[in-house]
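> For reference, the sequence and a predicted model appear below.
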Amino acid sequence: MLGMLFNEKECKELDYVLRKELDEMLFDLSDNRLDQEIKYAIASRYKTVFRMYARFAPPKELSKYARSGKLKKSKP
């Protein structure tokens, strides 16, 4: 486990960066031009970034990024 100390400005910047990354991944997941394998990889990364964001985001903000749909990994 790693620990990090951030000042207030750094916390706000991290919050902003994570939210923008989550927004971009949600946009990519809604793109019908991407195949299922790519979407599965994005969804996996989304889960990791979401858990990072969930450590300090208020519940109201967190609910904006909660996903209920799951992508199934396509078989070759």
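Yep, it's here.
> residue ranges of the helices in this structure, please?
8-29, 36-54, 59-62 (DSSP state H).
> could the ones you listed be laid out in TSV, adding distance to residue 2, mean neighbour count and mean pLDDT?
C-betas here are computed from N, CA, C, even on glycine. Formatted as TSV, these follow (distance: least, CB to CB, whole Å; neighbours: other CB atoms under 10 Å; pLDDT from 0 to 100):
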stretch	distance to residue 2	mean neighbour count	mean pLDDT
helix 8-29	14	13	96
helix 36-54	12	15	95
helix 59-62	22	10	90
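> Which one of the ones you listed lies nearest to residue 1?
Among the helices of the chain, helix 36-54 comes nearest to residue 1, with 13.4 Å by CB to CB.
> on that earlier part again, take the helices of the chain and lay them out in JSON lines including distance to residue 1.
As requested, these are exported to JSON lines (distance: least, CB to CB, whole Å):
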{"stretch": "helix 8-29", "distance to residue 1": "18"}
{"stretch": "helix 36-54", "distance to residue 1": "13"}
{"stretch": "helix 59-62", "distance to residue 1": "22"}
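> Can you check the pLDDT for the closest residue to residue 14 other than its chain neighbours?
Nearest non-adjacent residue to residue 14, counting by CB to CB, 6 or more residues apart in numbering: residue 6, 6.6 Å away. Predicted confidence (pLDDT) for residue 6: 91.
> then stretch 32-48 to CSV, C-alphas only?
This file holds the C-alpha atoms of stretch 32-48, laid out as CSV (Å, rounded to 0.1, in the frame of the first residue of the first chain):
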residue,chain,number,x,y,z
ASN,A,32,-20.8,2.4,-31.1
ARG,A,33,-17.8,2.4,-33.4
LEU,A,34,-15.6,0.7,-30.8
ASP,A,35,-15.6,-3.1,-30.6
GLN,A,36,-16.4,-5.0,-27.5
GLU,A,37,-12.8,-5.9,-26.6
ILE,A,38,-11.9,-2.2,-26.6
LYS,A,39,-14.9,-1.4,-24.5
TYR,A,40,-14.0,-4.1,-22.1
ALA,A,41,-10.5,-2.7,-21.6
ILE,A,42,-12.0,0.8,-21.1
ALA,A,43,-14.5,-0.5,-18.6
SER,A,44,-11.8,-2.3,-16.7
ARG,A,45,-9.7,0.9,-16.5
TYR,A,46,-12.9,2.9,-15.6
LYS,A,47,-13.4,0.6,-12.6
THR,A,48,-9.9,1.3,-11.3
